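> Kindly generate the corresponding structure for this input.
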Amino acid sequence: MPAVSKGDGMRGLAVFISDIRNCKSKEAEIKRINKELANIRSKFKGDKALDGYSKKKYVCKLLFIFLLGHDIDFGHMEAVNLLSSNKYTEKQIGYLFISVLVNSNSELIRLINNAIKNDLSSRNPTFMCLALHCIANVGSREMAEAFAGEIPRILVAGDTMDSVKQSAALCLLRLYKTSPDLVLMGEWTSRVVHLLNDQHMGVVTAAISLITCLSQKNPDEFKTCVSLAVSRLSRIVSSASTDLQDYTYYFVPAPWLSCKLLRLLQCYPPPEDGAVKGRLVECLETILNKAQEPPKSKKVQHSNAKNAILFEAISLIIHYDSEPNLLVRACNQLGQFLQHRETNLRYLALESMCTLASSEFSHEAVKTHIETVINALKTERDVSVRQRAADLLYAMCDRSNAKQIVAEMLSYLETADYSIREEMVLKVAILAEKYAVDYSWYVDTILNLIRIAGDYVSEEVWYRVIQIVINRDDVQGYAAKTVFEALQAPACHENMVKVGGYILGEFGNLIAGDPRSSPLVQFNLLHSKFHLCSVPTRALLLSAYIKFINLFPETKSTIQEVLRSDSQIRNSDVELQQRAVEYLKLSSIASTDVLATVLEEMPPFPERESSILAKLKKKKGPGAVSVNELEEGKREGGELNGGGERGDNSAISTPSPSADLLGLRTGPPVTAAAPSAGSLLVDVFSEAGVNDDGFLRDLEPPTESSDSLLAEGPGDSDATPGCPCMFVCLTHTHTLLSLALRFVCKNNGVLFENQLLQIGIKSEYRQNLGRMYLFYGNKTSVQFITFTTTLNVQSKPVEPLIEGGAQVQQVINIECLTDFSDAPLLNIKFRYGGALQNLTLKLPVTINKFFQPTEMASHDFFQRWKQLSLPQQEAQKIFKANHAMDTEVLKAKLLGLGMALLENVDPNPENFVCAGVIQTKAQQVGSLLRLEPNAQAQMYRLTVRSSKDTVSKRLCELLAEQF
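Residues are numbered from 1 along each chain as shown. Reported below is the predicted structural model:
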């Protein structure tokens, strides 16, 4: 390293940096840094006063050490002292240290502010710039309060140098963004605006950033800037590259300033002054003309600068939306970019044309590029460009090209990226509804949509086709015929079955005259799909069957036989069982007139906004339609929009598709939980069939046998016939229970599910006792044979045969003997189609299930908290939030944990505290919990204190995964 003289630099700093770079290990680096920190600390505390050079050198070393990632807790005062130096390098290092290391709440802020005031009033431009840079870098509210009134005066003062004006404008912009209520321009407004006329281009560039930000919040106060901005833009656009030689970038004069001027003008409507407006139009035409000229350089920087100005000009033209000639020219210019070899240009062109398509002046011009856009949709490699192409097709669609565009979008859907399929489906559905020339085409399109992308067709889409078919008499027969043909496919999506069940149940009589679609054929076709569907769809089909009895009396005996079968009236799902029983009874005892009244055809839905439009409106990402488009779509498609939501009119009549077609989300009065899509056993988890006052009233502790801790308990006596009961006694192990983490804060749910089997669980605990119901559901139409379950504890066998679509139940009685961390293993074996299936799971039984909530006052809680102060009694974990930090969700999870959630106990209202006692046969373990969320950092600190150390650790491990 060359020698560094004292006059040229800081030799000590250079040597220190060299030493750090030469360290062979992290330990060596830390050792060298600690040695240097000790030396600097001794120098600062020594009796001998340090000169400015030494202070600067040591402060620089501290700054370098901080940048290496080490904490610095001293040297701040020495840095503040450097601010009073008259040497630029010393003052610069002082400001740099303060900008990086001084907190906005530091006690030194007042001293720093005094030093800054001295520099701002010194009229030394170098010192003034350093002070302004420091204010902008720190940007604290205290500095805004101190200098928000002083900086505008410096900015507009006639004797302020240009470099200081630039710094003042950007500093004021920073303060306005952090504390807008403190930066009040007032009397300075007109003088700040007139900075646009400044001779120095750097000042204009800095000032326009400030004026644009201020104009967005207070457009009326700064509206005089429009004429000045147009004037300045005109001078730049009409100038040759040699006129602004110092500000020309690759033959493009002042590109950054031009873009900022065009962006500023987008904050205001078109100028009212004819002369100003004419001059602006002339500028925009010149920009469009220059875009057509041959490039003056082959460098990418030249084309980037030129295109940046062009796209800002086009954005301004679109914003004004008042010059047809400019809009068409802009559209044609963008059309040329659609086939450009540069991907970014194609993307920007598609994005801008989406906006142009909404203008009445340029819509037709955009439509001329439809073939190019369709080709982009098919051939583009970049998924983001393909998505913009799909958005543009959606935007340019009208009655003249709707069929072509919908067909192309449907074709693209088959190979579209999974991330955009749902939005594509919504757009196809909206276009088909909005521009349908006849309803048969609309029905064909939606059914084709379900066939191609059934998994991405949301409920709103098929609800909507139901609404429209019901509201239009002329399409009902065609819809019934088409959906009947669609259901004959060997494999059809469940959404198709839903539509088919609903339409055939309502309008199947319109095609019953054809022997190929006779009532019995329709029923057999629907019922062939029954066992392959989820619970909500099965419920819908049962309602279709009872409608068939009203429409086709000849099918009554066949349908009653289906309703009477064990797989229906003894179905494990409460909703299906109740429907089967009630529909069977209704068809048996009701007269023909009563049946016709109860099962009459659905009345038309009231006219209101399409639920599909409402769903697409909620999408905030790129390509989402605007509110104006939605309103326009509502007006243009008004004659087709069949209606919206309705209430449930009767036990049999189907409610609104917008809410729930068959009331599947509204359970019957006696039962509780409603089934969810795709779940075979959901209604098992309702409270039906369980006595609220005695879930465990007959459960007694097991008696200990001499050869086993496990024994059969009296709980077996009231078990469901055919459902074996068993006791599981839990002991202390240390295995991490990964599967049960989903059930830490809940007792009911689906434990396991695949294509064949679904295992549901419902459990309840009281003190140290518990009872768990396991439901084994056969999701197929084939029997499970030799079905066995084995626990690694004593148990009784389960029913060895499970019919297709049926379910068996197993009851497990549980007693907690002592605290534990592992749970029993459940092994399941059965044969399906001759193949042996083997599955091993852990039962979701965790220590918190045996909590008894304990209410405590604030004084008692903190007194007990202090008593549990031994290090081994506390477990603490700081972790990143895994889910959104929603207060109500956090409360629900903490209550689901089993402890009492104590309100108004913690001094910080954002924190949560809980108390509870774990009940085991051997002992009671008191536990306290404190959860401290930090929304800004998206972090939690969880602290658990218990009278037993293993419980604290286990609870902390379990809970850290829940938030």
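> Could you list the low-pLDDT ranges of the stretch 201-350 of the chain?
240-243 (pLDDT under 70).
> Could I get the full set of helices for it?
201-217, 225-237, 255-265, 274-292, 300-320, 324-337, 343-356 (DSSP state H, counting those that start in this stretch).
> residues making contact with the third one?
Helix 255-265 is contacted from outside by 201, 204-205, 208-209, 211-212, 215, 225-226, 229-230, 232-233, 236-237, 247, 249, 280, 305-306, 308-309, 312-313, 315-316, using CB atoms under 8 Å, 6 or more residues apart in numbering. In this view, the C-beta of every residue, glycine as well, is placed from N, C-alpha and C.
> right, so of the helices of the stretch 201-350 of the chain, which gets closest to residue 194?
Closest of those to residue 194 is helix 225-237, at 7.1 Å (criterion: CB to CB).
> tell me which strands and helices the closest one is in contact with?
The contact analysis (3 or more CB pairs under 8 Å, 6 or more residues apart in numbering; DSSP states H and E) places helix 225-237 against helix 201-217, helix 255-265, helix 274-292.
> relative to helix 300-320, how tilted is that helix?
On the basis of axes from the mean of the first three to the mean of the last three CA atoms, to 10 degrees, helix 225-237 is oriented at 150 degrees to helix 300-320.
> What lies in contact with helix 225-237?
Under the criterion CB under 8 Å, 6+ apart, residues 193-194, 196-197, 204, 208, 211, 215, 244, 253-254, 257-258, 261-262, 264-265, 268, 271, 273, 276, 279-280, 282-283, 286-287 lie in contact with helix 225-237.
> Would you mind listing which of the residues you listed are buried?
Buried subset of the contacts of helix 225-237 (neighbour count, 16 or more other CB atoms under 10 Å): 193, 196, 204, 208, 211, 215, 244, 253-254, 257-258, 261-262, 264-265, 268, 271, 276, 279-280, 283, 287.
> Residue 858: how many residues sit nearby?
Under the neighbour criterion other CB atoms under 10 Å, residue 858 is assigned a count of 14.
> Give me the distance between it and residue 575.
Distance, residue 858 to residue 575, using CB to CB, to the nearest Å: 46 Å.
> Of all the helices of the stretch 201-350 of the chain, which one is nearest residue 937?
Of the helices of the stretch 201-350 of the chain, the one closest to residue 937 (CB to CB) turns out to be helix 201-217, at 28.1 Å.
> mind checking how far the closest one is from the chain centre?
Distance, stretch centre to chain centre, for helix 201-217: 35 Å (CA atoms, centre = their mean, to the nearest Å).
> now the angle from it to helix 255-265?
Angle of helix 201-217 versus helix 255-265, following the same axes, to 10 degrees, is 20 degrees.
> mind listing what's buried in helix 201-217?
201-215.
> the strands in the stretch 351-500 of the chain, which residues?
Under the criterion DSSP state E, counting those that start in this stretch, the stretch 351-500 of the chain carries no strands.
> How about the stretch 51-200 of the chain?
Using DSSP E, counting those that start in this stretch, strands in the stretch 51-200 of the chain do not occur.
> before we move on, back to that, arrange the helices of the stretch 201-350 of the chain in JSON lines, one row each, with distance to residue 43 as further columns.
JSON lines is the format used below for these (distance: least, CB to CB, whole Å):
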{"stretch": "helix 201-217", "distance to residue 43": "41"}
{"stretch": "helix 225-237", "distance to residue 43": "54"}
{"stretch": "helix 255-265", "distance to residue 43": "46"}
{"stretch": "helix 274-292", "distance to residue 43": "61"}
{"stretch": "helix 300-320", "distance to residue 43": "50"}
{"stretch": "helix 324-337", "distance to residue 43": "63"}
{"stretch": "helix 343-356", "distance to residue 43": "55"}
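> and the residue lying closest to residue 414 once chain neighbours are set aside, what is it in contact with?
For residue 414, ignoring the flanking residues on the chain, the nearest one in space by CB to CB, 6 or more residues apart in numbering is residue 452 at 5.6 Å. For residue 452, the contacting residues are 410, 413, 414, by CB under 8 Å, 6+ apart.
> pLDDT value on the first one, please?
Which is residue 410. You'll see residue 410 listed with a pLDDT of 90.
> Each with direction, which strands does the helix or strand hosting residue 761 pair with?
In this structure, residue 761 is located in strand 757-766 according to DSSP states H and E. Strand 757-766 has its sheet partners listed here by DSSP bridges as strand 749-753 (antiparallel), strand 769-778 (antiparallel).
> most packed of those?
strand 769-778 (a mean of 23; mean count of other CB atoms under 10 Å).
> Show me where the stretch 701-850 of the chain dips below the pLDDT cut-off.
Within the stretch 701-850 of the chain, the stretches with pLDDT under 70 are 701-740, 792-797, 834.
> sorry, back to before: now the helices and strands packed on helix 225-237 as a markdown table including distance to residue 32?
Conversion of the helices and strands packed on helix 225-237 to a markdown table gives the following (distance: least, CB to CB, whole Å):
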| stretch | distance to residue 32 |
| --- | --- |
| helix 201-217 | 43 |
| helix 255-265 | 45 |
| helix 274-292 | 59 |
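> just so I know, which of these lies nearest residue 384?
Proximity to residue 384 (CB to CB) singles out helix 255-265 among these, at 22.7 Å.
> Report the distance from that closest one to the chain centre.
Here the centre of helix 255-265 is set off from its chain's centre by 34 Å, with CA atoms, centre = their mean.
> likewise stretch 821-840?
Distance of stretch 821-840 from the chain centroid (CA atoms, centre = their mean) equals 37 Å.
> how long is it end to end?
18 Å (CA to CA, to the nearest Å).
> Can you mark which positions in it are buried?
For stretch 821-840, by 16+ other CB under 10 Å, it's 821, 822, 823, 824, 826, 828, 830, 832.
> Which ones among those map onto strands?
Among the buried residues of stretch 821-840, the members found in strands (DSSP state E) are 826, 828, 830, 832.
> Make sure the last one is actually in contact with residue 779.
No - using CB atoms under 8 Å, residue 832 and residue 779 do not qualify as a contacting pair, with a distance of 10.5 Å.
> Give me the common contacts of those two.
By CB under 8 Å, 6+ apart, the residues touching both residue 832 and residue 779 are residue 756.
> The residue lying closest to residue 869 once chain neighbours are set aside is in what secondary structure piece?
Leaving out its chain neighbours, the residue that sits closest to residue 869 by CB to CB, 6+ apart is residue 945, at 8.0 Å. Taking DSSP H and E as the definition, residue 945 sits inside strand 939-946.
> Quickly run through the sheet partners of that strand, with directions.
Paired strands of strand 939-946, with direction, are strand 874-880 (antiparallel), strand 924-934 (antiparallel) (DSSP bridges).
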